[in-house]
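1. Prediction below, plus the sequence it came from.
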Amino acid sequence: MKHRIVLGTLLTAESRRTSISRLIDAVWGTTPPSTAGKQIRNAVSDLRGILAPSGAVITPAADGYQLDIGAARFDLREFHRHLGRARTLLGHQRPADAIAEFRAALSLWTGPMLSGIESAALQAQIAGVNEVRLSVAEECIDLELAQDRHKSLISELSIWVAENPLRERMAAQYVCALYRSGARARAFTVYEQVRRRLAEQLGLSPGPELLEIHQLMLREDTDAAGTCPAISSVPAASSTATTATTAATAAPDTLPSEIAHFVGRAGEIEVLLADGLRSGAQRVVSVDGMGGAGKTALAVHVAHRLAGHYPDGRIFLDLRGHSCDRAPFGHRAALRRLLLLSGLPEAELPVPGEELVRLWRSRTADRNMLVILDNAADAEQIGPLLPAGDGCLTLVTSRRRLTMTTLSPTRVLSLEPLSREEGYELFCRVLGDRHPKPLPDAVDGILEHCGDLPLAVSAAAARLRRRPSWPVAHLADRLADRRMRLAELQTEHGGLIACFDASYRHLSAGQQRLLRLLGAAEGDGTDVGSAALVAGLPPFLAEQLLEELVDEHLLMEPEPGRYRMHPLMKTYCAQLTGPDEVAGPMPAPRGMPAQPLVA
C-alpha cells in the first residue's frame, strides 16, 4: 500500500515536484514513524525499478521527487487528450464525432481514480478528478440524448444513478431517457425516489434541472431544457389532451422548490421584497457573492415570497456562468430557453438571434413576470435577456461583481458568510432529528472550520446526519485537520471542491497563480506589498490582481489595501500545488504587458 500511495501522490502532482514531507503525510498522516524519510526513499527506489520498462522516470528535485511520465501510457493523460479532441469537435459543430471521443475517454476508466488507496492527503485531488469523469459522462449523455439515443442509454444511466444516487443531473438524464422511451410511469417513479432521497439524506429539494424536467413532463411539453433537449417521441394520450392544453395556456412557473432549510438573510430579504413590490421601469436586482454563499437560495426564497405579485409567470434559468463542465449560455441559446419556458411552442421559435430578442421583449412587454437569471457570467450575458415590461422584476445572481451601468440595476447586494447564530440554526435544521439538538458551543468549532459559509455548514450537517453514531465533537475533530477538511465536506454533487473549481477555472493564469501563492502563505491576510513580494511583481500589478480577485469574490477587502481569503478558499488554494510551489515570474493581468521578476 505504501508504494501505491507514493506513486499515486507523484502522479496527481502532474510532473510537479513533490516534497518528501508531503509524501510522508500522504502515507502516514499525522503519525509518521521515525524512519518515515528512509522508507519513502526506499519506496521511490523500488518504484524506479518497477517503472523503468515503461519509460517513466522519478528524479530527485530539491527536497523531494518529480515523476516524468515520458512516453509511458498514462490513462489520465489519454483521457484529457480525448477530452480535448471532443471539445474541438464540438466547436466545429461535429457532435457525433465528439461523442466518439467522449466515449473513448470514458472507456479508459474501470472505476474511481486510485480506488482502494486510503490517504487523507490525497482525497481532495482524487475527488476532483473523479468529479471530472462524472461531468464528462453527463456531457456525453446530453449529446446522445440530443441525437435521440434515449433507449440505448437507459441501462447505462440506471447504473450511473445507482452508483451516484444523489447526483441530480444524472437523475434528470435518466428520467428524461425513460420518458422519451415511453416509460412514463417509471420516469415519474424515479423522479419521486430521487426527490425523497434528497430530502431524507441531505434535507434538500430537487435542483433546477431535475425540477424543470419534472415540470415539463407534467405539461407533456415537446421540449425538455437542460439535460433533455427534445422530448418529442412520446405522444400525449387522448385522455390528457385537455390537461395539456390548459397547462400550455397557464402562466409559466419554473421556479425551483422552496429551499427546505433556508435561514437568515433577514436584511437582504427585506430589501429584495421592497424592490419586488414597488413599481418602476425595468427593475433589475443583482445578488453576488463567493461560491457557496447562498445566492441562488436567497433569490428562490424571495421569488416564492413574491410569486403572487407576478401573475403572468415566474421563470428560472441557470446561465451556467461558473460551471466546471458546461460552457455558459450564449444569447441565442438562453433566449430560446426563456421563450420555451414562457410557454412558446418550439415550432414558433425564429432562427435569427435578433428575432429572438424582439420576440422575447414583445412577449414580456405587457406582463407582470418575475425572472431569475441565475449563475450569470457577466453583464454582457444578461443584457439581451432582460424582460421589457415595467411590471417585470429580474433577479440576477453571480459570483462576480457585475458592472451593469448599462442595465440600470435597482439594487446590487453582496452576500457575506452567515452570522454565527444563523450558521448554528442552519446546522441544526439540516441535522434534523438524527441527533439530539447540540448546544451552540458544541457546534462552534464546526462552524469556525466552515467559515460560516452556507454550503459548507450544510455539507457538515449532512455528513453528521449520515453518521448518526458520530458525536458532534468527532466531526469537529475531523474538520480540524486542514488536509482532511475539504474531503470531509464533499457531497454527491462535488461539494466545495467542485464549487471552488468552477470559480478557479474561469480565472486568468496570473490570477490563479496569485491565489495559489496566497494559499501557501502563512496567515489569511495580506496587503499589496506582501503580495507583490511573494509573487515577484511590481506593486501596481499586484494591486490590480488583488482587486480583480475581490471582484471575483475570491478575496475579501475588509479595509482599503488589506485583503483576506476565506479560510476554506485558502485550504483549497493551498492544496492545488502544495506548499512547495516556488514563486517565479507571474503572467501579467489581462491586457497588461508581461513584467520581469523584481528583486
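-> Thanks, I have the structure now. Numbers count the residues shown, from 1 in each chain.
2. where do the helices sit along the stretch 251-400 of the chain?
-> 266-277, 295-306, 331-341, 353-364, 379-382 (DSSP state H, counting those that start in this stretch).
3. Mind giving me the packing neighbours of the third one?
-> In other words, helix 331-341. Under the contact definition 3 or more Cβ pairs under 8 Å, 6 or more residues apart in numbering; DSSP states H and E, helix 331-341 sits against strand 314-318, helix 353-364. To be clear about C-beta, it is placed using only N, CA and C from the backbone, and glycine gets the same treatment.
4. please redo it, this time with the cut-off set to 10 Å
-> Helix 331-341 makes packing contacts with helix 208-218, strand 314-318, helix 353-364, strand 370-374, helix 379-382 when contacts are defined by 3 or more Cβ pairs under 10 Å, 6 or more residues apart in numbering; DSSP states H and E.
5. Return the per-residue confidence for A281.
-> For A281, the model assigns a pLDDT of 69.
6. got it, and S45?
-> Looking at S45, the pLDDT reads 88.
7. From Q39, how far off is it?
-> 11 Å (Cβ to Cβ, to the nearest Å).
8. between these two, which one's more packed in?
-> For S45 against Q39, the residue with the higher neighbour count under other Cβ atoms under 10 Å is Q39, and the figures read 17 against 10.
9. So which bits of the helix or strand the more buried one falls within are buried?
-> Secondary-structure assignment from DSSP states H and E places Q39 in helix 36-51. Across helix 36-51, burial judged by 16 or more other Cβ atoms under 10 Å covers A36, Q39, I40, A43, V44, L47, L51.
10. Enumerate every residue touching the third one.
-> Contacts of I40 were listed using Cβ atoms under 10 Å, 6 or more residues apart in numbering, and they are 2, 6, 9, 20-24, 26-28, 32, 64-65.
11. that older thread, for the helix or strand following the helix holding Q39, packing partners?
-> Using DSSP H and E, the helix or strand that follows helix 36-51 in sequence is strand 57-61. The elements that strand 57-61 packs onto, with contact taken as 3+ Cβ pairs under 10 Å, 6+ apart, are helix 2-12, strand 18-19, helix 36-51, strand 64-68.
12. contacting residues around strand 57-61?
-> Residues outside strand 57-61 that contact it (Cβ under 10 Å, 6+ apart) are 6-7, 10, 16-19, 41, 44-45, 47-48, 51-52, 65-70, 72, 580.
13. Would you point out which residue is most central in this protein?
-> Computing the C-alpha centroid of the chain and ranking residues by Cα atoms, centre = their mean puts C499 first, at 3.8 Å.
14. unless I'm mixing things up, that residue is touching G291, no?
-> Yes: the pair C499 / G291 is scored as a contact, 4.2 Å apart, by Cβ atoms under 10 Å.
15. Need the residues touching each of the two.
-> Listed as contacting both C499 and G291 by Cβ under 10 Å, 6+ apart are H322, R399, L453, L455, L568, M569.
16. of the residues you listed, buried ones?
-> H322, R399, L453, L455, L568, M569.
17. Can you read off the pLDDT for the third one?
-> Meaning L453. You'll see L453 listed with a pLDDT of 93.
18. That one contacts E422, correct?
-> No: at 11.5 Å, L453 does not count as touching E422 under the criterion of Cβ under 10 Å.
19. Between the two, which contacts overlap?
-> L447.
20. give the contact list for Q193.
-> So Q193 contacts V161, P165, A171 (Cβ under 10 Å, 6+ apart).
21. quick one on the thing from earlier: hey, which of the helices and strands packed on helix 331-341 is tucked in deepest?
-> strand 370-374 (a mean of 25; mean count of other Cβ atoms under 10 Å).
22. who touches L373 in this structure?
-> With contact set as Cβ under 10 Å, 6+ apart, L373 has these partners: 284, 286, 299, 315-319, 321, 329, 334, 338, 381-382, 385-386, 394-398.
23. beta partners of the closest residue to it other than its chain neighbours?
-> Using Cβ to Cβ, 6 or more residues apart in numbering and skipping residues adjacent in sequence, the residue nearest L373 is V396, 4.9 Å away. Note on V396: beta-bridge partners S286, L373, judged by DSSP bridges.
24. out of the contacts of strand 57-61, which are buried?
-> For these, a burial check counting by 16+ other Cβ under 10 Å picks out 6-7, 10, 17-19, 44, 47, 51, 65-67, 69, 580.
25. ok, which pair from those residues is furthest apart?
-> The two members of those with the most space between them (Cβ to Cβ) are L51 and D580, at 22.0 Å.
26. if we can go back for a sec, need the buried residues of helix 36-51 in TSV with distance to E144, can you?
-> As requested, those are exported to TSV (distance: Cβ to Cβ, whole Å):
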residue	distance to E144
A36	49
Q39	48
I40	45
A43	43
V44	44
L47	40
L51	38
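27. between those residues, which is nearest C428?
-> A36 (41.5 Å).
28. so where is the stretch 451-599 of the chain shaky, pLDDT-wise?
-> Residues of the stretch 451-599 of the chain meeting the criterion pLDDT under 70: 492-494, 577-599.
29. show me where it has strands.
-> If you assign secondary structure with DSSP state E, counting those that start in this stretch, the strands in the stretch 451-599 of the chain sit at 525-527, 556-559, 562-564.
30. For the spatially closest residue to L455 that is not a sequence neighbour, give me its contacts.
-> For L455, ignoring the flanking residues on the chain, the nearest one in space by Cβ to Cβ, 6+ apart is G292 at 3.2 Å. Residues counted as contacts of G292 (Cβ under 10 Å, 6+ apart) are 399, 415, 417, 450-451, 453-459, 489, 495-496, 499-500, 503, 566, 568-569.
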